[in-house]
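J.: After the sequence you'll find the predicted model.
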Amino acid sequence: MNRVVDTKPCAVVTSGYHALATAKNHSHSLSSYDTIIVGAGSAGCVLAGRLSENPNRRVLLLEAGAKDRNPFIHMPAGLWQLRNNTRINWGYETEPEPNLANRRLYWPRGRVLGGSSAINAMVYCRGHRKDYDLWAATGATGWGWDDVFPWFLKSEDQERGPSEWHGAGGPLGVQDLRYHSPLTALFLQACEQAGLPATDDFNGPRQRGAGLYQVTQRDGRRCSAATAWLRPALDRPNLEVITGALAHSVLFDGGRARGVRASVKGRPSDFEAGEVILCGGAVNSPQLLMLSGIGPADHLSELGIDVHTDLPGVGENLQDHLDTCTVMSIRTKDSYESMNQLGAMLQYLLKRQGPGTSNVAEGGAFIVSPEAPDDRPDIQLHFLPAQVDNHGRNELPGNGMTLHACQLRPESRGRIRLKSADPNAHPAIFANYLDTELDRRTMVEGLRQARRIFEQPAFADIIDGPVYPEAGVESDDQLLDFVRRKAETVYHPVGSCRMGSDDRAVVDPSLRVRGVDGLRVVDASVMPTLVSGNTNAPTLMIAEKIAAEMA
């Protein structure tokens, strides 16, 4: 029987998993596996589930965080309760951002089985087909839309059933929202009044328009990557999962990766494998590569790290969706600030219905703005029937609603660097937002689009006044100043271990690390450029595609 190992002394693994074990009974001295996966986030869970389908492949999944037994992970609206939970969140911060008033931006990333798919807003969005054709055209051979589309279908269990655009029977539950706020219905009316076409499927033949998001849920519960791919695999005798295991470095035998060194229960533990796959995401994967001596040689030498492979592209090409919140106060009590929380909890627990099933970011839109360089939408909106400031960490008085606007394809590029050779130290994140004129103009345009929607007749009877941007902020310069003061991430960092065919690429199109045998990176960090939408579904797709290649 497979074991999920809890690193707390004498603790028994629960959380609905079939496999039970205690850390004190597990030996971590040079255990050997066919495949070691580092990171049980979105990609890591897919790979663990798929690769362990082969009974002759022994798979180890290492996760630095905890098991996903917090009940608010599984209750969709519970994401609001998770925003300050440091036990399941890495809680990163950027370095001071020079174009954002030298602010350090908060970057929440999941540190738990399921990774960020366990704490995100569950929006299911693939992006635009031209995003992937651009990947292929710029060196990511085999990653064009026609190449990746079948893997989206394979993963999907679409509630509406199979169609030309959707799959059914896959691991990932994709559903219509069981509940949305009356304010979200007004938002959709306002979008129509503003001239945005209505759509019932952002993943269908046309992305642009306004509608309700579909969500990664099943039966009104969050369907994280851990729920979808990992949990069904836990009875397999060839899969082992260890939580609380912080990877320190990849181990090598000459030019080949031979395993991983991690700290488990506070002591170094070595694990050997025929192949190592890093699935830490856009922050952790480049960090672990550099800790292992793979990266820019000058930077590693400055920190006293022995250089194994000089790969200058490691940590470069970092991209993220920057986001602004237009917040309006309202005269009614229709927002979630006035929700009867006890009643919503009971309705959810008894019937899996009501506000407890909401992802909060219920509606949205994709807009082709005047700043768009081509015919792809360049601005995405997320509507929330509540006031949101600083990721919800700053509670605002009264009732209101929020319209997020993010630039989908920024030109700005940042980087990840180490602050220390200590694996416990957070790396330095230089997001470098708003580094180009196009990015600055597009962010201002996003604010104008949000305001235009709030000015429509659908909202006339309920809006009390603006909260952010403040009254009197009207000119382009004033709006840009607001962006510099208040913009935050919308949680989509990618690109820091870019795949491609050139000398600056970190991984090849099979996601093998250049210059090292037996080592891959499989996660959002390999994306050459951001997709035009939320990044979780594309990350799952990447892992599905590579798992099939490795089978």
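T.: Perfect, I can see it now.
J.: Tell me if I am right that Asp334 is in a helix.
T.: No. Read with DSSP: H, G, I helix; E, B strand; the rest coil, Asp334 is coil and lies in no helix.
J.: can I assume it is in contact with Leu183?
T.: Yes. Taking CB atoms under 8 Å as the definition, Asp334 is a contact partner of Leu183 at 5.2 Å. Where C-beta positions appear, they are placed from N, C-alpha and C, glycine not excepted.
J.: higher neighbour count, the two?
T.: Taking neighbours as other CB atoms under 10 Å, Asp334 and Leu183 compare with Leu183 leading, 24 against 18.
J.: quick one, what contacts the more buried one?
T.: 330, 334-335, 383, 385, 401, 462 (CB atoms under 8 Å, 6 or more residues apart in numbering).
J.: show me where the stretch 151-300 of the chain has helices.
T.: Using DSSP state H, counting those that start in this stretch, the helices of the stretch 151-300 of the chain run over residues 182-193, 225, 281-291, 297-302.
J.: deepest of the ones you listed, which one?
T.: helix 225 (a mean of 33; mean count of other CB atoms under 10 Å).
J.: Tell me which residue of the protein is furthest from the middle?
T.: Residue farthest from the centre of the chain, counting by CA atoms, centre = their mean, is Asp461 at 36.6 Å.
J.: do you know how far it is from Gln387?
T.: Going from Asp461 to Gln387 by CB to CB, to the nearest Å gives 19 Å.
J.: Tell me which residues of the top helix by length along the chain come out buried.
T.: Secondary structure of the chain per DSSP state H: the longest helix is helix 437-454. Using 16 or more other CB atoms under 10 Å as the test for burial, helix 437-454 gives 438-454.
J.: how near is Trp145 to Ala361?
T.: Trp145 is 26 Å from Ala361, by CB to CB.
J.: Need the contact partners of stretch 216-225.
T.: 41-46, 68, 73-76, 113-115, 117-118, 122-124, 157, 172-175, 178, 227-228, 348, 352-353, 356-357, 359, 536-537, 540.
J.: Only whichever of the residues you listed are buried, select them in ChimeraX.
T.: Here is the ChimeraX command that selects only those of the contacts of stretch 216-225 that count as buried (16+ other CB under 10 Å):
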select :41,42,43,44,45,46,68,73,74,75,76,113,114,115,117,118,122,123,124,157,172,173,174,175,178,227,228,348,352,356,357,359,536,537,540
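J.: Which ones among the contacts of stretch 216-225 map onto helices?
T.: Reading helices off the contacts of stretch 216-225 with DSSP H, I get 42-46, 73-74, 348, 536-537, 540.
J.: Just the closest of these to Ala64, please.
T.: Lowest distance from Ala64 to the ones in helices among the contacts of stretch 216-225 (CB to CB) belongs to Gly44, with 11.0 Å.
J.: Just the mean pLDDT for stretch 532-547, thanks.
T.: Across stretch 532-547, pLDDT averages out at 98.
J.: quick one: buried residues of that stretch?
T.: 532-547.
J.: and that stretch, how far from the chain's centre?
T.: 10 Å (CA atoms, centre = their mean, to the nearest Å).
J.: and what of stretch 148-159?
T.: 18 Å.
J.: List the contacts of it.
T.: By CB under 8 Å, 6+ apart, stretch 148-159 touches 46, 126, 129, 132, 166-176, 218, 228, 537, 540-541, 544-545, 548.
J.: Which parts of the stretch 1-150 of the chain are helices?
T.: Counting by DSSP H, counting those that start in this stretch, the helices of the stretch 1-150 of the chain are 42-51, 71-74, 79-82, 129-137, 145-155.
J.: With Arg218 as the reference, measure out to Leu480.
T.: On the measure of CB to CB, Leu480 and Arg218 end up 42 Å apart.
J.: returning to what we had before: right, and the helices of the stretch 151-300 of the chain - which one's nearest Thr489?
T.: The nearest among those, by CB to CB, is helix 281-291 at 11.2 Å.
J.: quick one, what contacts Arg87?
T.: Applying CB under 8 Å, 6+ apart, the residues near Arg87 are 65-66, 70, 111-112.
J.: Closest one of the residues you listed to Ile416?
T.: Of the contacts of Arg87, the one sitting nearest to Ile416 (CB to CB) turns out to be Arg111, at 16.7 Å.
J.: Let me see the contact set for the closest one.
T.: Contacts of Arg111 (CB under 8 Å, 6+ apart): 64-66, 87-90.
J.: Could you check how far it is from Gly356?
T.: Arg111 is 24 Å from Gly356, by CB to CB.
J.: Look up how far Gly354 lies from Gly78.
T.: From Gly78 to Gly354 the distance is 13 Å (CB to CB).
J.: er, Gly518 I mean
T.: Taking CB to CB, one finds Gly518 at 50 Å from Gly354.
J.: Would you confirm that Pro385 contacts Ala185?
T.: No. Using CB under 8 Å, Pro385 is not in contact with Ala185, being 9.7 Å away.
J.: count of neighbours near Met527?
T.: Neighbour tally, Met527, other CB under 10 Å: 29.
J.: Go ahead and confirm it touches Pro538.
T.: Yes. Using CB under 8 Å, Met527 is in contact with Pro538, at 7.1 Å.
J.: The closest residue to Ala40 other than its chain neighbours: what's it in contact with?
T.: With CB to CB, 6 or more residues apart in numbering as the criterion, Ala40 has its nearest non-adjacent residue at 3.7 Å, and that residue is Glu63. Contacts for Glu63 (CB under 8 Å, 6+ apart) come out as 39-40, 44, 112-113, 241-245.
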